[in-house]
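Engineer: this one's structure only:
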């Protein structure tokens with residue numbers, strides 16, 4: 001369980017992207033900015049997170065780049081535009097890490113902790129005892145476990161997931177729901 005009362009500006013928030021921040025394409029990838037659609041209320045939620053957390057880090061598998069079906073330039077444009085929209089709403093993203101690798105054994109591909117470990121090198125102030133991973137897959141939850149951090153599951157795209165899974169510390173319906181809960185504490 002996660003005690004939201006203990007979360008302050010010494011904490012770090014790790015976020016998955018597709019299915020958490022924006023709508024996920026079923027059995028496909030977000031290839032261009034035109035296909036990227038924020039979930040309702042996410043930009044405002046990110047403003048709450050900016051006031052709450054020291055670091056906000058996005059960790060996202062992007063196999064489409066590795067397969068050659070998503071251009072790296074398009075992924076960079078998506079992230080640049082996403083950050084700009086979040087900042088316009090008063091939020092921020094301190095770092096975005098993506099893994100284009102096709103091989104599930106890649107140290108950077110979630111659930112492996114490589115992207116998170118890279119973030120801890122780039123942001124030495126990250127205290128993993130004060131960190132959360134928010135995602136919409138059990139792979140995201142396993143990434144959190146592999147990092148030794150608390151996990152929050154959003155059942156946005158995987159309603160079949162057993163919410164009692166041992167890798168899940170808390171469940172919220174969306175990022176805005178998590179932001180509302182944080183504001184109440």
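Structural biologist: On my side now, so go ahead. Just so we're clear, the structure is a prediction, and the values are computed from it rather than from any experiment.

Engineer: how far away is the residue of the chain positioned farthest from its centre from residue 100?
Structural biologist: Residue distances from the centre of the chain (Cα atoms, centre = their mean) peak at residue 68, which lies 23.1 Å from the mean C-alpha position. Residue 68 sits at a distance of 10 Å from residue 100 (criterion: Cβ to Cβ, to the nearest Å). Yep, even glycine has a C-beta here, placed from its N, CA and C like the rest.

Engineer: so residue 47 is in which element?
Structural biologist: Assigned by DSSP states H and E, residue 47 belongs to helix 42-52.

Engineer: Would you confirm that residue 138 contacts residue 165?
Structural biologist: Yes - between residue 138 and residue 165 there is a contact at 6.4 Å, judged by Cβ atoms under 8 Å.

Engineer: what's the following helix or strand after the lengthiest strand in the chain?
Structural biologist: Longest strand of the chain, by residue count under DSSP state E: strand 55-61. As assigned by DSSP H and E, the chain's next helix or strand after strand 55-61 is helix 63-67.

Engineer: Buried residues in that next one, which are they?
Structural biologist: 63-66 (16 or more other Cβ atoms under 10 Å).

Engineer: Show me what it is in contact with.
Structural biologist: Here helix 63-67 makes contact (Cβ atoms under 8 Å, 6 or more residues apart in numbering) with 29-31, 70-72, 75, 98, 100-102.

Engineer: Name only those of the residues you listed that count as buried.
Structural biologist: 29-31, 70, 75, 98, 100-101.

Engineer: between the residues you listed, which is nearest residue 179?
Structural biologist: residue 30 (22.5 Å; Cβ to Cβ).

Engineer: List the contacts of that closest one.
Structural biologist: By Cβ under 8 Å, 6+ apart, the residues touching residue 30 are 18, 22, 24, 36, 64, 70, 78.

Engineer: Centre of the chain to stretch 162-173, how far?
Structural biologist: In this view, stretch 162-173 has its centroid 16 Å away from the chain centroid, taken as Cα atoms, centre = their mean, to the nearest Å.

Engineer: actually stretch 66-78, not the one I typed
Structural biologist: Its chain's C-alpha centre and that of stretch 66-78 lie 18 Å apart, by Cα atoms, centre = their mean.

Engineer: And it, end to end?
Structural biologist: Taking Cα to Cα, to the nearest Å, stretch 66-78 runs 16 Å from one end to the other.

Engineer: next one: stretch 28-46
Structural biologist: This stretch, stretch 28-46, spans 25 Å end to end (Cα to Cα).

Engineer: Buried by neighbour count: which residues of that stretch qualify?
Structural biologist: Neighbour counts over stretch 28-46 (16+ other Cβ under 10 Å) mark 29-31, 36, 38-39, 42-46 as buried.

Engineer: which among these gets closest to residue 170?
Structural biologist: Nearest to residue 170, judged by Cβ to Cβ, of those is residue 45 at 15.5 Å.
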